[in-house]
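Asker: Below is the structure, and that's it, no one-letter string:
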Ligand SMILES: Cc1ncc(C[n+]2csc(CCOP(=O)(O)OP(=O)(O)O)c2C)c(N)n1
């Protein structure tokens, strides 16, 4: 499909020949309005036509850039007009905008001084895929995880009041992000304060996939906001058309506190939270947005502006498949086709997906749970095959875990599939609701370790550290896809809390077992036994590079290195650790997790307590005590000394250096 036709019909047209831009001057063929935006306040000075043109230009930049870098295209395309209207209405130097999640803030980045480096989006050293206070003074709050914007913005509003200032504070939150309890905690407090505060609800009826839950049904029920808008317009036209009294009737209808809007639109919910509800507004009509935002700004109290947008707006492939284009990899901008990888191996997520379906076929007790990420965690096939035993709770990790605990009390075997970084939200639920009661809930922790381009908010660095000290929890990290499948069989056979952590991306290509058997818990596996005095103890996805390096070293220098796949972070493979420490003088411990409190810490604690350390030299490679920024996983691993090459060098150094 040519790029021009990939743009959806409704997208704003570029100025045709002779189309007036401002004062009759013909447009320059290559004129870029975006290039002329040095400061976001300039947006307020643009004419309606220029704003339309700028919206089209921004969309072109988003599509072409993200086709090279990957990123959150569909969410960002959906809020181009909203972003322009906000910048045109509010004062970017004074007023504060807090984006929820921040994955939709690309247009905002382009308009707030980052257009010239937008091509570096999500690359190492380049600009972040999310708002980041360190990156720009216009990014008022760092985000990446959802549903924080109301609370953060409310904090800013309180600080403003304490300082006796009067600027506006805005939270821009999606309907998906509004499924999390945290958002309601903020709304609840905001409504009670009755201070100047604006929440913009970006309602596209989507989370990553279709939004879920009663609130979502409420907003998109037959009497949907879109329907209400149409009816409202028709009633307004009818009323104003009545000769003589039409205008007055219209005014009465507008002012009526109990107008049908409040009863028949989502307004009733927000009004109950003591917000003034304004909406629903067409989120792709800049003029209507500007008028509405100006109205909201004039109200000196909490206001919720309900904006209807289309995810992927203006790019036909993204409008047709907003789930794929929510967070997309590299793709062909003309056809919208994602680039295919040539590798014959499957991802850990896919190995999980297949194994959990196979297990569920045989065991009816299995129920799977996701917090709004069915595609990401590999549960779409399960959802199709076992719809009654699949639950998407919305962006509610805390609820997902306690809900699973409740299921487990009744003999169900819940598998909660969740990204490592989002499980951070549910720490107390894991401790208090699952482990304390020793309930057989399995946590399938995807994207553990380096995730790459999504950066610091998304790296799965901390799960080992925040899980391994919790009593009753068994903690396993597979070295490949096959071990992941065996780990799932082990979890099902185990009658207690169990966590598997596995990384983003492809596995090393291990042949998958036909019928994965349970593994003995707490038993590691020696993959190489060497005589050089050097042993590597690795866990998870750092096992394969260690085995590879050991093979290379043997081939090149004839020195044989022991490699132990520890498999278990808890309970540790104590017997194998004793063997390693008894027969090696140099030990290298590898993990793709925070070193502080992670696997290697556990090994050192055990060995120290058991008196095994003696004069042995122990080195550890893992994630440092720092937030890991964005970049490709390969670039980041290299920079962190965790790639195959760095691991081999470290092993060679340990072999070479005199002890
Ligand atoms: C705590 C948390 N869980 C999961 C995610 C993953 N995630 C990113 S965006 C998103 C959907 C957000 O939906 P919505 O707020 O409606 O924004 P839209 O993408 O539709 O614009 C999800 C689930 C997250 N960022 N944070």
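Answerer: Perfect, I can see it now. The model shown is predicted, which means the values in this text are computed figures rather than measured ones.

Asker: mind showing which ranges of the chain have poor pLDDT?
Answerer: Across the chain, the ranges flagged by pLDDT under 70 are 1-30, 220-236, 238-239, 242, 245-265, 658-659.

Asker: Which secondary structure state does the residue at the greatest distance from the centre of it sit in?
Answerer: Distance from the centre of the chain peaks at residue 244, with 55.4 Å (C-alpha atoms, centre = their mean). Counting by DSSP: H, G, I helix; E, B strand; the rest coil, the backbone at residue 244 sits in coil.

Asker: Tell me who's in contact with it.
Answerer: Applying C-beta atoms under 8 Å, 6 or more residues apart in numbering to residue 244 gives no contacts. From N, CA and C alone the C-beta is placed, and that goes for glycine too.

Asker: Need the phi and psi values for residue 392.
Answerer: Backbone geometry at residue 392, expressed as degrees, to the nearest 10, gives phi -100, psi 110.

Asker: Tell me what it is bridged to.
Answerer: Assessed by DSSP bridges, residue 392 has beta-bridge partners residue 370.

Asker: So it is in contact with residue 368, correct?
Answerer: No - applying C-beta atoms under 8 Å, one finds residue 392 not in contact with residue 368, separated by 9.6 Å.

Asker: which bits of the stretch 1-150 of the chain sit near the ligand?
Answerer: Neighbours of the ligand within the stretch 1-150 of the chain, by C-beta under 6 Å from any ligand atom: 75, 78, 101, 103-104, 145-146.

Asker: what helix or strand is the closest residue to the ligand within the stretch 251-400 of the chain on?
Answerer: Closest residue of the stretch 251-400 of the chain to the ligand, C-beta to the nearest ligand atom: residue 372 (3.8 Å). Under the criterion of DSSP states H and E, residue 372 resides outside all helices and strands.

Asker: ok, now residue 353?
Answerer: With DSSP H and E as the test, residue 353 turns up in helix 348-362.

Asker: just checking, what packs against that helix?
Answerer: Judged by 3 or more C-beta pairs under 8 Å, 6 or more residues apart in numbering; DSSP states H and E, helix 348-362 is in contact with strand 366-370, helix 380-385, strand 413-419, strand 442-446, helix 481-493.

Asker: how much does the first one deviate in direction from strand 442-446?
Answerer: Relative orientation of strand 366-370 versus strand 442-446 (axes from the mean of the first three to the mean of the last three C-alpha atoms, to 10 degrees): 40 degrees.

Asker: In strand 366-370, which residues are buried?
Answerer: Neighbour-count burial for strand 366-370, counted by 16 or more other C-beta atoms under 10 Å, picks out 366-370.

Asker: And the helices in the stretch 201-350 of the chain?
Answerer: Secondary structure of the stretch 201-350 of the chain (DSSP state H, counting those that start in this stretch): helices at 214-220, 225-241, 246-255, 260-264, 267-272, 286-298, 316-320, 348-362.

Asker: so who does residue 383 touch?
Answerer: 374, 390, 392.

Asker: what's the burial count for the first one?
Answerer: The number of residues packed near residue 374 is 24, by other C-beta atoms under 10 Å.

Asker: cool, and the last one?
Answerer: A total of 23 residues lie near residue 392 under the criterion other C-beta under 10 Å.

Asker: and if you look at the second one?
Answerer: Residue 390 has 20 neighbouring residues, counting by other C-beta under 10 Å.

Asker: Skip the chain neighbours and tell me the closest residue to it.
Answerer: Closest residue in space to residue 390, ignoring its immediate chain neighbours: residue 383 at 4.2 Å, by C-beta to C-beta, 6 or more residues apart in numbering.

Asker: separation between the one you found and residue 445?
Answerer: Residue 383 is 19 Å from residue 445, where distance means C-beta to C-beta, to the nearest Å.

Asker: May I have the phi/psi pair for the nearest residue to residue 638 once chain neighbours are set aside?
Answerer: Nearest residue to residue 638, sequence neighbours excluded (C-beta to C-beta, 6+ apart): residue 646, at 6.7 Å. The phi and psi torsions at residue 646 (degrees, to the nearest 10) take the values phi -70, psi -40.

Asker: residues touching residue 646, list them.
Answerer: Residue 646 sits in contact with 621, 637-638, where contact means C-beta under 8 Å, 6+ apart.

Asker: next one: residue 391
Answerer: 367-370, 403.

Asker: at 10 Å what do you get?
Answerer: Residue 391 makes contact with 212, 367-371, 379, 383, 400, 403-404, 407, 414, 416 under the criterion C-beta atoms under 10 Å, 6 or more residues apart in numbering.

Asker: which SS class is residue 526?
Answerer: Residue 526 - assigned by three-state DSSP - is strand.

Asker: That one is in contact with residue 580, isn't it?
Answerer: Yes - the criterion here is C-beta atoms under 10 Å, and residue 526 meets it with residue 580 at 8.7 Å.

Asker: Leaving out chain neighbours, which residue sits closest to residue 189?
Answerer: Counting by C-beta to C-beta, 6+ apart, the residue nearest residue 189 is residue 154, at 6.1 Å.

Asker: and that neighbour, how many neighbours?
Answerer: Number of residues near residue 154 (other C-beta under 10 Å) recorded here: 23.

Asker: Tell me the spacing between it and residue 488.
Answerer: 42 Å.

Asker: Up against the ligand, what does the stretch 201-350 of the chain have?
Answerer: 202, 204, 206-208, 311, 326.

Asker: redo that, cut-off 5 Å
Answerer: 204, 206-208 (C-beta under 5 Å from any ligand atom).

Asker: top of these by neighbour count?
Answerer: Top of these by neighbour count (other C-beta under 10 Å): residue 207, with 27 neighbours.

Asker: Which phi and psi values does the residue nearest to that one when sequence neighbours are not counted adopt?
Answerer: Take residue 207 and drop its neighbours on the chain: the residue closest to it by C-beta to C-beta, 6+ apart is residue 176, 2.9 Å away. Phi and psi for residue 176, reported as degrees, to the nearest 10, are phi -70, psi -50.
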